[in-house]
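1. Following is a predicted model, sequence given first.
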Amino acid sequence: METVTAWGHENVMSLHKTTIEVTKEEELTKRGDCIIGARADMGLADLSEAFKNAARDKNAKIAVTFKAGSATETVTGSGHPDLTFTHETDMVIRKSNFTCSRTLMVNADKSAAELDRKLISALKNKSQKLTVNIEVAPP
């Protein structure tokens, strides 16, 4: 399991209908309406090679659990052979099967707009810690 620590931000909107993002960036604008965590301690490039290799299997299942305060939410999706995991700052969960250097997983079962509002409300506070646990289940 990979664990990423990020933080809330007053501009967390969580309104995007197809993606969820966590970033190492410190400042967010309201245009980044898929971003739920800032100041992350890892980007995709920082994930372990073992995780990256497992997640590139076309049958891999990936689960990402977000925890902030008393709110917890899990998003599940798929790995993909085209995942590069090279982006230095961002991790994007996608409901589609589009891949790029920022993609963590595809075919997700939730987008930012579908996340529990209790979780999002907590993440509107810059001092709120967000723990992101990422697991890949082999096929």
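-> Structure received.

2. K52 is in contact with G79, correct?
-> No. Using Cβ atoms under 8 Å, G79 makes no contact with K52, being 9.5 Å away. Every C-beta, even on glycine, is put in place using the N, C-alpha and C of the backbone.

3. Comparing the two, which residue is more hemmed in?
-> G79 (26 against 18; other Cβ atoms under 10 Å).

4. Low-confidence regions, this structure specifically.
-> 138-139 (pLDDT under 70).

5. how about the helices in it?
-> Along the chain, counting by DSSP state H, helices occupy 49-55, 117-122.

6. Surely G77 touches N97?
-> No. The pair G77 / N97 is not scored as a contact, 9.7 Å apart, by Cβ under 8 Å.

7. and the two? which has more neighbours close in?
-> Taking other Cβ under 10 Å, G77 and N97 do not tie; G77 has more neighbours (22 against 12).

8. I'd like to know the beta-bridge partner residues of that one.
-> Beta bridges link G77 to I62 when assigned by DSSP bridges.

9. so who does it touch?
-> Applying Cβ atoms under 8 Å, 6 or more residues apart in numbering, we find G77 in contact with 61-62, 64, 93-95, 105-109.
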